[in-house]
Structures are given as structure tokens and as C-alpha cells.
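Novice: below is the sequence, then the predicted model.
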Amino acid sequence: MEVLLVSLLNGLVYGMLLFMLASGLTLIFSMMGVLNFAHGSIYMLGAYFAYESTRWIGFWSALLIAPLLCGAIGAAIEIWGLRRVHHNGHIAELLFTFGLVFIIGRSVQMAWGMLPMPYRVPASLDFPLFTLYGLQFPAYRGFMLLISAGMLGGIWLLLKRTRVGMIIQAALTHPGMTAALGHNVPLVFTIVFAGGCFLAGLAGVIGGNYQSTEPGIADAMGPIVFVVVVFGGLGSLAGCFIASIIMGMVVTFSVVIDASIADLLRPIGIVPRSDDLLGEILTVPVARIGALLPLLMMVLILFFRPRGLLGTRDT
Amino acid sequence: MVGWRLFTAIFVGLLGIASVGAARAADDTIKIGYIDPFSGPFAATGNNFLKVFNFILEKANAQGGPLGKKYELVTFDDKLQPAEALIALKSVTDQNLPFVMHCVGSNVGSAMIDAVSKHNARNPDNRLLYLNCGALATELTNEQCDFWHFRFTVNVDQRAVARIKTLPQSVKSVYLLNQDYLFGQSVQKATQKYLAQYRPDVKVVGDELVPFGKVQDFSPYIAKIKASGAQSLVTSNYDRDLNLLMKAGNDAGLEIRYDSYLAHQPGGPTSTGPAGDNRLTSIMEFHDNVAAEENNPAAEKFISEWRARAEFNFIPLDYVTMFQMLTAAINKAGSTDAVKVAKALEGMKVTDMMGDENVMRAEDHQFLGPLHEAIFTHSAKLDAEKTGLGWKSEAKISGADLTLPTSCKMKRPAS
């Protein structure tokens, strides 16, 4: 029971962090048809920028500066990069963002080195919020929840209640028609790309000291965010939200499950031998493969429901 | 036409000068092929080792080097892939280098042992020795032991013995948490084995393998560890997997000792920071404070020179000893001939920088040297990575205490 409640909270924190990253990615993906491989790299940049601004100015201003910088970089990438390769088709755009991953990764290594940065939780948030069965829940995780919930509310208001949001939604589904009505669709693309990068940067600020700030975090977060986007369904923020929370929970809960598939089969009388390959697969406890479950779930959903949970069109 | 001839003459002349220069360079250097990851996810490790070796070899060369020659490293990138390492090894043998050195990854080490052995059998006039400086799996000097392979660092089992022997008597329950790959699994087995042997009073309340480098948040593990009531978390996790583990533990206010195997690796102290103060220990060959702790002015000078050029602690004293041994062996052999140097290395005893005796055991070519158990604390004299915290030795285990039986049945060449 105690493990259950603690895991529930931690799953929520991780899920919300995933959502911050995935929401930007799914908007970009559904609008431009580009799977932005560099999204994890922007997240990493956000963490490094936050570390630098925390060093020179302070954490609270970093909360604004780092995402703005990431947003500006995103806008620059869209205007001078993606827009140029756009007319060569999706493959060119895909390869372009794939190349960015290496360029950003290498630049970060050259600027900050390979070792992790001492980016720590600010002292004003470094206290236990409450104690649950003898385990403390840090205030910083509560703060992360607050930020991501605020972001969720903000993005919902923006998309559903403002004119800009209406145009973005229109451009998502009917880009040709929106352009014909006189809207500047390329500008909308730039705004969405920059906005996605802003969110990734914000996730970097609060994720950089929740995890560790080092060149490896781009690779660590990149794949799972793709999984979330595909799982949730294209163009659906709600699907993206649900998928993020599911993934957060799956990853967190799988760790505490010591059972294996073999334990499920035992009541119906099948006892696999553990010395052959099949037996080995069946007897491996869920906890050991927990981190791989999201990938398995992605494969399954692509197989049985390619449009994702709440997606409106096939991937 | 004349111009063309002149050009050719100059070109040929330059070639001649270049080749004479190359031949001369080859004459007064001893080249060592050095294979490790210098790109890819593990590039940091390879590049840090390279820094260490450049420092050690500068010192060794300043003292004259073997046969009055200078050591020179020729680096090759293996990206921590056995297949890439074998391609690099081919380049090493093509260049007729007498030694190949490799540190990171037992999977690569295992492939190298096999490849070097085959190469030497097929090319008796172009043999080379494999100097292993960090492939730690015990098997490499047991079942897999080979005449052409020398391991100049202590292996997983020896480290486990040191880890278990230095566990405080007050610790009665431990939780084992290791990474789910070759190294983590062999540490897990060795820890279980030597816990049963040396500390039967200690109860293992949890034994877990975690996916290698895949876990983003260790909080659920922390909840499990808390529920188990363990006093100490014995873990071979390193880099990111250790940092995130300790971060989650501290966030949750978990009161526990972290008895690690590799927390001293470069980058570890930075990301651990104040959170590890007086609760994190590790097993290591050396650290920046050993010289002062043992009152050794020469070693203190060595460390102050090191600290002037690198931000991380100097750990691998065994690599300094390795080149002491190699120099002595080449001098004794009078050449870099693989068989002669190998015979000279077998059973060699040298006194290391701190005055301890180190042995290269003849039966299995396993290095026997001392290890330190040190705690990460703010009261250390010299800090690590400018964190204000540093390593302080709590115990030292001699090479003799780390002498374990071997199952090696080595085949030796006739000549």
C-alpha cells in the first residue's frame, strides 16, 4: 500500500514532465508532419541554459530565460532550417532534425564538457513537502507538478479560447484552407515550432535538476517522448496527456512488480523451465524490464490501433 | 618539362626526408596501441583515461623510459563495441606495434584476448601483448586466461572482497542493486558469494537488477528499499545510474549508507555533491588525499601536479604501477619481444609510489595491488571536482589480502 501511493505520486511527476516535452512535439508533428528528432536536444539545452542562468542570475529568472532562449533557437531552426528543406519533402526535414541532434549534442559537449553539471534544486524549494509512510515527498516535485499543471491549463486556454489558438487548430487539420482564408500559415508554423521548443526548454529547466544535467539526457528522454506522442495519437493534446500519465505510471509501477509472466501462467498449470530461451523470457520479473515496457506498448498500439489512443488520423 | 622534373626531384627528396624522420621516430619510441571509446556515449570515460595516461607517460618518459626510449600512445576508437575494437586491433597489428592496451568494457576485453591469442599463434614473428587496464570481469583471468593477456588492475571478485571486508560491523542488512548487464551481474554474484563467506551475519534484504542507463527516476526503487529496512545499499551503479539513485534517495529522505563500487569515477562527485556527504563510500585504488594520509611527500607532489591540470581526482595508481612493471620488464628482456617481455612480467614484484608491494601473478597474469575504501566527506583535505567534498580513506586492503585462488590453466608458448 505505501509503495503504491508513493509510486502513484512519482508516476504523476514523471508523467507530467513527459507531457511537457510531448505536448510540444505532438503539436509540431501534427502540424508540420515532421517528427522533430531534436526535441530531446532542445530539452537538454533548456537544462544547460537553466544551469547557467541559475549560476549568474538565479533559479526564478532561469525559469523564464531558458525557455525563451530555447524558443528563440526553435524559431531560428524553423525559419532558416526547416522552411528551406521543407520543399524537399518530409524525408529531408526528418534528416535535418536528425542532423541537429548531433550538432546540438556535440556543441553542448564542446561548451560544457562531458561531465555532469552541478545544477541543483534551489534552496528555497529544497525541503520535504510532506512525509508519507516515512518517505519524504520533496517540495521540488510538488513544484514540478504545479508548473506542468499550469502549463497544461495555459496551453488549453491558448488553443481553445484565443484567436491564435483557433488559427493553430485550423492549420493543424486544414492548412491549405487556412492559408486560402488569408492567414499566414508559415508564421503559424514558426510560432508552433518555437512554442514547442519553449515548452521543451521549460521541461529542461525543471527536469535538469530533477535528473542530472549532462550530455546523455537528450538520448535518455528523446525516445520515450516519441513513444508518448505515437501512443497518444497524432494532433491530440488530450491523447498526449493521457499517454504521458500512462507511461509515467507504467515505468514507475513496473519497478515494484516482482512477478513475471510465469507467475501468471502458474495457476493454470503451466510451469515454464527457466533454462531455455522461452523460459528465460517468461520468468524475467517485470521490474527488470520495466524501462522497456513503454517501447513494447508502442509496438502493440502501432499494430492494433495505428492512430493512437485519441488520434484522428493514421500515423 | 624541366619544371616537372624539378618538382618530382623535390617530391622524392621530401619523401626520403619524411621516411628517414619516421624511421628515426620509430627507433627511439615504444609505441603502444591504445583502444578505448573516444566517441559515442562512453567517450567521457575514454577521454578521461587518456588524460591520465598522458600524465603518467610524461612522468615515465621524463625518467628515461625503457631502454632509454620514450613511450608513445597511438589511439584507436572502439565506441565500446567489440567489433570496432577488433578492427582497431587489426590496425595495431598492421603497424607492428608491440603492445595493445585497452581499459573499458569486459565484453571488448574478452574479444581482444581471443583475437590477440589467435593473431600471435598465426604470426609468430609479429606477436604483441595485450595490456588490460580495466576490463574487470573475473573470468578473463580464470576460464578465459591467456598467456598474451595481462590484467594490470584488480578484478571484480577482488573488489567485492574489499567491499565486503570493509563493511562496518554495525551493518546487519544490505540491499543489493546492480545494473542489468555483464558487469553489474558479475558484481551481484561476487557480492552475494563474499557476503556469505565473510559476513554471514549480514542479511540480504533485497537483490535487484535495474536496466542499464534506462531508469529516469529511482523513486520507486527507493520506496522498495525503504520498505526493506536495509542499512546499506551495496551497488555497482555508476555515472547516471548512481547519481539518479542517490538523488531519489536524498529527495525521499532515505537514511541509508551507499556502499558503492564505482562512485569515484570522474563526474560522480560533481553530480553527487553535498547529498553524498558522509554516507557514500567507494572502493578505489587511490585518490587525491592518500598521499597526505600516508605522509608521502613525493606522492603529494605528484598529486599537486595532477590537480594543476585536471579537475577530477587521480584514482588509477595501478596504471602508474603498470608502466613501472612494463618498463622493468622491457629493460629485463632487452627488447619489446612479446614472449620475452611476457616472461619478464610473470611474477614481477614492484614497489608502487606509496611503497606497497604489487605483484603480477604468474599463474593467471592477474595484478595484485592494494585498494582503499574511502568515504565522500566535507572534512577531506583535498576536494574532488571543486565540490568542496572529497574522498577520505577509511580502510586499506593490501594486495596480499586480495589474493584469491584462480582456476586458470594457462597454455604457454614453447619459445
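Specialist: Received it, and whenever you're ready, just let me know what you need.
Novice: which residues touch the closest residue in space to B:Lys340 that isn't next to it in sequence?
Specialist: Among residues not flanking B:Lys340 along the chain, B:Ala333 sits closest, at 3.6 Å (Cβ to Cβ, 6 or more residues apart in numbering or on different chains). Placement of C-beta: from N, CA and C, glycine included. B:Ala333 makes contact with B:340-341, B:343-344 under the criterion Cβ atoms under 8 Å, 6 or more residues apart in numbering or on different chains.
Novice: now with 6 Å?
Specialist: B:Ala333 is in contact with B:340-341, B:344, counting by Cβ atoms under 6 Å, 6 or more residues apart in numbering or on different chains.
Novice: same question, B:Thr138
Specialist: Contacts for B:Thr138 (Cβ under 6 Å, 6+ apart) come out as B:155-157.
Novice: over to A:Gly165?
Specialist: The contact partners of A:Gly165, by Cβ under 6 Å, 6+ apart, come to A:158-159.
Novice: now do it, the pLDDT please.
Specialist: If you check A:Gly165, the pLDDT there is 87.
Novice: could you point out the helix or strand that follows the helix or strand encompassing it?
Specialist: Per DSSP states H and E: A:Gly165 is located in helix A:163-173. Proceeding C-terminally, helix A:163-173 gives way to helix A:175-180 as the next helix or strand, assigned by DSSP H and E.
Novice: top helix in chain A by residue count?
Specialist: The residue-count maximum for a helix in chain A (DSSP state H) belongs to helix A:2-32.
Novice: and it, what does it pack against?
Specialist: Contacts defined by 3 or more Cβ pairs under 6 Å, 6 or more residues apart in numbering or on different chains; DSSP states H and E place helix A:2-32 against helix A:139-161, helix A:185-208, helix A:217-232, helix A:237-254, helix B:219-228.
Novice: reformat these as TSV; add distance to B:Leu128, mean pLDDT and mean neighbour count.
Specialist: Putting these into TSV (distance: least, Cβ to Cβ, whole Å; pLDDT from 0 to 100; neighbours: other Cβ atoms under 10 Å in any protein chain shown) gives the following:
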stretch	distance to B:Leu128	mean pLDDT	mean neighbour count
helix A:139-161	54	91	16
helix A:185-208	45	91	25
helix A:217-232	35	88	24
helix A:237-254	46	90	23
helix B:219-228	44	88	24
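Novice: tell me how far B:Asn237 lies from chain A.
Specialist: Distance, B:Asn237 to chain A, by Cβ to the nearest Cβ, to the nearest Å: 13 Å.
Novice: what residues are up against that residue?
Specialist: B:179, B:245.
Novice: that one in helix, strand or coil?
Specialist: Three-state call for B:Asn237 (DSSP: H, G, I helix; E, B strand; the rest coil): coil.
Novice: got the buried residues for the longest helix of chain A?
Specialist: Buried positions in helix A:2-32, judged by neighbour count with 16 or more other Cβ atoms under 10 Å in any protein chain shown: A:3, A:6-7, A:9-32.
Novice: how about stretch B:163-183?
Specialist: In stretch B:163-183, counting by 16+ other Cβ under 10 Å, buried: B:163-167, B:171, B:174-180, B:182-183.
Novice: can you check stretch B:385-396 too?
Specialist: In terms of neighbour count (16+ other Cβ under 10 Å), stretch B:385-396 has its buried residues at B:385, B:387, B:389-393, B:396.
Novice: what's the local residue count around A:Trp60?
Specialist: Other residues near A:Trp60 come to 12 when the count uses other Cβ atoms under 10 Å in any protein chain shown.
Novice: which other helices and strands contact the strand or helix carrying it?
Specialist: Per DSSP H and E, A:Trp60 falls inside helix A:59-76. When contacts are defined as 3+ Cβ pairs under 6 Å, 6+ apart, helix A:59-76 packs onto helix A:39-56, helix A:185-208.
Novice: follow-up on the earlier one: quick one: the longest helix of chain A to helix A:217-232, angle?
Specialist: Put simply, helix A:2-32 runs at 80 degrees to helix A:217-232, going by axes from the mean of the first three to the mean of the last three Cα atoms, to 10 degrees.
Novice: shaky segments in the chain?
Specialist: All of this is about chain A. Scanning chain A for pLDDT under 70 picks out A:1-2, A:272-275, A:313-315.
Novice: not quite, go with chain B.
Specialist: The model of chain B has pLDDT under 70 over residues B:1-27, B:415.
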